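Enquirer: sharing a model that was predicted from the sequence below.
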Amino acid sequence: MARESKRYREQLKKVPESAVDLSKAVGILKGFGGLKFDQTVEIHMRLGVDAKQADQIVRGSIVLPHGIGKTQRVVVFAKGDAANAAREAGADEVGQEDLSKKILGGWTEFDVCIASPDMMGLVGPLGRVLGPRGLMPSPRAGTVTPDVATAVREYKAGKVEFRNDAGGNVHAVVGRLSFDAQKLEENVTAFIDFVNSIKPTAVKGTYVRNVTLAATMSPGVQIAA
């Protein structure tokens, strides 16, 4: 840990005290590579929303232009033709009662859970397991849909979900440190633009207060958004 702490302190010296443009921020972040694994890059947006107000919740999902550098594990609740279509689209597991029992038993080895509307009676009771992990299917996120095959393909392609936390912050994965700088910039820009596009009408004053990019083992770099 001491070695990592020293490395982190050295990195902090390279982080500007004020916000910089996106291109410079990505360049600084990519300079923090060199570890034995490909670090995940995350965006953290502090929003001027009151998280206690239902009409100020910021939530959604977006397929990033260049994916997130990770193949997401997707499970689907569906039957009949929809189930077959989900399998063909690349779902890692498709089921009904059997899948429900498996999850109730504590299995959550997946990143995304999708359900067709007619399966929600079966999926509803799983809320106590899936909810705390952010895996509960919802129409707003596009994970409750009659077109499960399209949803599977989107998540396999790098779709990310997000929802502001209690402090009004939004966090999401936007790629890997090994990504080409331009691809990282395009992913970040797409995410920021999308969050701006869904600004709740009830929000007054400054909506986006600050934006920070950080890799798994690096300090954050604030960007001018």
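Expert: Perfect, thanks for sending it.

Enquirer: how about the helices in this structure?
Expert: Taking DSSP state H, the helices of the chain run over residues 2-12, 22-30, 80-89, 97-104, 120-123, 127-130, 148-156, 181-197.

Enquirer: got a markdown table for those helices, with mean pLDDT, distance to residue 138 and mean neighbour count too?
Expert: Every residue, glycine included, has its C-beta placed from N, CA and C. Formatted as a markdown table, the helices of the chain follow (pLDDT from 0 to 100; distance: least, Cβ to Cβ, whole Å; neighbours: other Cβ atoms under 10 Å):
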| stretch | mean pLDDT | distance to residue 138 | mean neighbour count |
| --- | --- | --- | --- |
| helix 2-12 | 71 | 37 | 11 |
| helix 22-30 | 94 | 30 | 20 |
| helix 80-89 | 97 | 17 | 17 |
| helix 97-104 | 96 | 16 | 15 |
| helix 120-123 | 94 | 10 | 15 |
| helix 127-130 | 93 | 10 | 14 |
| helix 148-156 | 94 | 12 | 23 |
| helix 181-197 | 96 | 17 | 18 |
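
Enquirer: so which of the ones you listed comes closest to residue 141?
Expert: With Cβ to Cβ, the closest approach to residue 141 among the helices of the chain belongs to helix 148-156: 9.5 Å.

Enquirer: which helices and strands does that closest one pack with?
Expert: Packing partners of helix 148-156 (3 or more Cβ pairs under 8 Å, 6 or more residues apart in numbering; DSSP states H and E): strand 74-77, helix 80-89, strand 112-115.
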